[in-house]
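*Asks:* got a structure for you, letters missing:
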């Protein structure tokens, strides 16, 4: 939503809007926030213009040293995906939302793409 990356933006906006209406708790890891800040700052968009919107509907989840340790020692192909998974697992997430599900093959948590999230509420 905030990054406005197409073609996912429309599906994410629709899915998150309806998830919030349905009472779902939306959370993002601090790693996601930092990735967003990096991408947006390269577009000359300051955090002060988008961060208040993010925290108005999403909780920011911390990442611990134990989560990093898990990711670094895991057999996952992508360390960032392993870290996102561990953060979700430690915080009892019921769904992981990702544009690329392939990095979460070892996940015990269901992983949805933005299109799949949208279809949940259509």
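*Replies:* Sure thing, it's come through. Everything numeric here is computed off the predicted structure, so don't read it as measured data.
*Asks:* low-scoring stretches of this structure, by residue?
*Replies:* Within the chain, the stretches with pLDDT under 70 are 1-8.
*Asks:* How about the residue nearest the centre of the chain: what's its closest non-neighbour residue?
*Replies:* What sits nearest the mean C-alpha location of the chain, by Cα atoms, centre = their mean, is residue 28, with 5.0 Å. Nearest non-adjacent residue to residue 28, counting by Cβ to Cβ, 6 or more residues apart in numbering: residue 58, 5.1 Å away. Quick note: C-beta positions are derived from backbone N, CA and C, even for glycine.
*Asks:* wouldn't the residue nearest to the centre of the chain be in contact with residue 51 here?
*Replies:* No: Residue 28 lies out of contact with residue 51 (Cβ atoms under 8 Å); the separation is 11.3 Å.
*Asks:* circling back to that earlier point, tell me the contacts of the residue nearest to the centre of the chain?
*Replies:* 54, 58, 59, 60, 61 (Cβ atoms under 8 Å, 6 or more residues apart in numbering).
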